[in-house]
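Colleague: Following is a predicted model, sequence given first.
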Amino acid sequence: MRIYLTLILSLLTLAAAPVDAQAEQWWQGGEPSTPLEVVLGRGADQAWQAVSRPDDSAVSITEDEQLGAPVITVPMGQSLTLNGRTSYPSNIEVRARLRLRTATSTPATAVLHLAKPDETAAGLAVELSASSDQIRATVTYNGKPLHDATALAETSDWKVPQVFNGWTRDLRAYTNILPGWPEDYRRHIEHDMGTLPGHNDKWLDVRVQLADGGIAVWLDDHMVVWAEDPNLVTEGLAQIVLNQGVQLAQWSVTALDETPGYLPVPLAGYANATIFVNGAAVDRASLPPTGKSVRVRGVPFVFSDVNSEGHDHIDVGRSLYRHANDHGYLPANTYRWGGSTLRDPARIQLRLPNKQYDTLYVIAASDDEPDCVPKLSAMFYRPNSGFAKTFTEGVPLATAEARTEALPVKLTNGKSANLWLVKIPLDPGQLSSFADIDIVEIELTKQVELFRSYPDPISYSYHQAGRPSAVHVYALTLAEAPVGFTFEPTVF
C-alpha cells in the first residue's frame, strides 16, 4: 500500500507541473554559431574569409520565404567576396544555389572561381549575370574562353566546330504579347508566361563537375559548357564573388558521382508537375533517395527532389507546338527551334553534352486521362536550327496490372500505382549528323508530324502534333554506345 501511495503522489506532482516547462539543454554546440555557418555549414568561419569594402556592412543573413531557409543577402550598393581556404582535390561536384536580384537596370552578377592553383590565379570562373528576366552564364579558364574555336578548327575535320563557352536564357520566351493575336492563342501564352518567375524571384542551381582532365558546368540541369583535356587543372582553391542584390542559399562540395558509359540527367531543372494520376502525386517516400545515382535493373538514374517551384517530375502532356497554325515565313532560330534558351512551359527541351548515345532510358508511366496518348518521343536537334531526329516509344499505364518489370509506388491518396523502366533505342548513325556540335538538345514530346509553312513551304520540319501525351517522367538516363566510331578525313 505504501508503494502505491508514493506512486500516486509522484504522478500528482508531475501533473501539477507547468505544461510549458521544458528540460534545460545540458549540451553545448550543434547549432550554427556565426552567419557564414548558417548557410555554408559548420566550420565555415575556418573554411572561408569574408571580404567586404571598407564602408560595407557585415555579412547579412535573411530568411527566404520561398525556400523556408536562411540565405546570405548582399545589400544594394555593396559587394561580398568569400575567399576559400580549402584546397579541393579533383573528382568533385560543387553545387551552389543563387538568386540574382536587381533594383535598377544594372545587372546583378555572381562569379564562382574554382580550381585556383593559388589565391591570385583565376582558375575556372563561372560568371552569372541577370537583368530584364534574362540569365547569362559565361565560363572561362585562366582568364580565357574554355574553348578556342579557331584553334580547334586547325585540328578538326570540321571547318568551324560549334563549341559553347556560355549560355543565355530568357526566363520568359514571350515578352511582347500582342492584343491582335487570336484570343485562344494569346490567352494561353499570357497564362503560361505569368506562371514563370522573373530573375528577381528565380533561384538558380549551379553544378560544376571537376574530374581528372574534365570540366562540366550545369545551370538548372542544362549543360552550359563541358570539356575534356588532360591538361586541365581541376583541383585547388575556391572563391565566391557576389555583387549587390545577389543571394546565396546553398554551397556544397561532394565526391563526383561517376557512372561510366551513362549520363543520368537530374530533372529538377525541367520538372513541371506534381500531380501524377487520378489527382494524386507520388508519395516521395516510395521513390529512391535523391541527388545520388541509384541502379534500377542495372541502369543508373538520379532522382530529383521537389524543385524551388514546387515540381518533382515532367508531365509530357504539357508539350505543345504553339505555332502550328501560323502563316508565312517561320525562322528556325526563334520559337520553332530556339531551344531551351527560350523558357516556355509548352516546350520540354533538355540541354546535354553531345556524345555517341545508343539508348535512352526513362522511369515513367502514363496517366489515364481521356483523349491522351501513352507515347513518348525524344527529338534530338540542333539549337537554333532544328534538323531533328526523333525516336518514339509507348509507355505503360500507371494503373496497368503489375508485371515483373513494374516499379511499384504509393500515391498521396494511399492507393498504389506503377512506374516502368522504358528503353528507347537510338540510332547513333542518325545522331552522327550532330557530330560537329558539342552540345545537343532533346525535346520530350508526343507523336510528331511534318509541318510546312503556307503559302510558301520554305519552312518545314517535324513538330509535336495531335492529342496530348499521357506520359509522366521521373528519371532519365542516356547510355553511350559501347563502341564509338568517327571519321577523321584528311583536310583538303
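Modeller: Great, that's in hand. Keep in mind it's a predicted model, so treat the numbers as computed, not measured.
Colleague: Could you use CA atoms for every contact and neighbour count after this?
Modeller: Will do.
Colleague: and I437, how many neighbours?
Modeller: I437 has 18 neighbours, counted by other Cα atoms under 10 Å.
Colleague: Ok, Q46 next?
Modeller: The burial count for Q46: 11, using other Cα under 10 Å.
Colleague: try the one 4 residues further on
Modeller: Counted with other Cα under 10 Å, the burial measure for A50 works out to 15 neighbours.
Colleague: Likewise for D55?
Modeller: D55 has 7 neighbours, counted by other Cα under 10 Å.
Colleague: Repeat that for T81.
Modeller: So T81, with other Cα under 10 Å, has 18 neighbours.
Colleague: can you check the one 10 residues further on too?
Modeller: The tally of other residues near N91 (other Cα under 10 Å) stands at 19.
Colleague: Could you check how far it is from V233?
Modeller: 11 Å (Cα to Cα, to the nearest Å).
Colleague: shared neighbours of these two, which are they?
Modeller: D212 (Cα atoms under 8 Å, 6 or more residues apart in numbering).
Colleague: Please report how far S60 lies from G328.
Modeller: Distance, S60 to G328, by Cα to Cα: 54 Å.
Colleague: okay but D64 is in contact with P70, surely?
Modeller: Yes. Counting by Cα atoms under 8 Å, P70 is a contact partner of D64 at 5.9 Å.
Colleague: Tell me which stretches of the stretch 351-492 of the chain form helices.
Modeller: Along the stretch 351-492 of the chain, counting by DSSP state H, counting those that start in this stretch, helices occupy 428-431.
Colleague: Could you do the chain as well?
Modeller: 2-16, 35-40, 44-47, 149-155, 183-194, 428-431 (DSSP state H).
Colleague: per-stretch mean pLDDT over those, give me the minimum one.
Modeller: Sorting the helices of the chain by mean pLDDT places helix 2-16 lowest, at a mean of 40.
Colleague: one step back: for D64 and P70, indicate the residue with more neighbours.
Modeller: A direct count of neighbours by other Cα under 10 Å for D64 and P70 places P70 higher, at 17 against 14.
Colleague: Check the spacing between that one and T62 real quick.
Modeller: 5 Å.
Colleague: likewise Y381?
Modeller: 43 Å.
Colleague: Could you do A173 as well?
Modeller: 31 Å.
Colleague: wait, what's in contact with A216?
Modeller: With Cα under 8 Å, 6+ apart, A216 has these contacts: V208, Q209, L210, M223, V224, V225, W226, A227.
Colleague: If any of these are buried, give me the ChimeraX selection for them.
Modeller: This is the ChimeraX syntax for the buried subset of these, where burial follows 16 or more other Cα atoms under 10 Å:
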select :208,209,210,223,224,225,226,227
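Colleague: just checking, which of the contacts of A216 belong to strands?
Modeller: V208, Q209, L210, M223, V224, V225, W226, A227 (DSSP state E).
Colleague: So what sits opposite the fourth one in the bridge?
Modeller: It refers to M223. W218 (DSSP bridges).
Colleague: just checking, it touches I439?
Modeller: Yes. With contact defined as Cα under 8 Å, M223 reaches I439; the gap is 7.4 Å.
Colleague: residues in contact with stretch 236-243?
Modeller: Residues contacting stretch 236-243 (Cα under 8 Å, 6+ apart): 74, 78-89, 108-119.
Colleague: let's see 7 Å
Modeller: Here stretch 236-243 makes contact (Cα atoms under 7 Å, 6 or more residues apart in numbering) with 74, 78-89, 108-118.
Colleague: and those residues, which are buried?
Modeller: If we count by 16+ other Cα under 10 Å, the contacts of stretch 236-243 have these buried: 74, 78-85, 87-88, 108-117.
Colleague: Out of those, which sit inside strands?
Modeller: Short answer: the buried ones among the contacts of stretch 236-243 in strands (DSSP E) are 80-84, 108-116.
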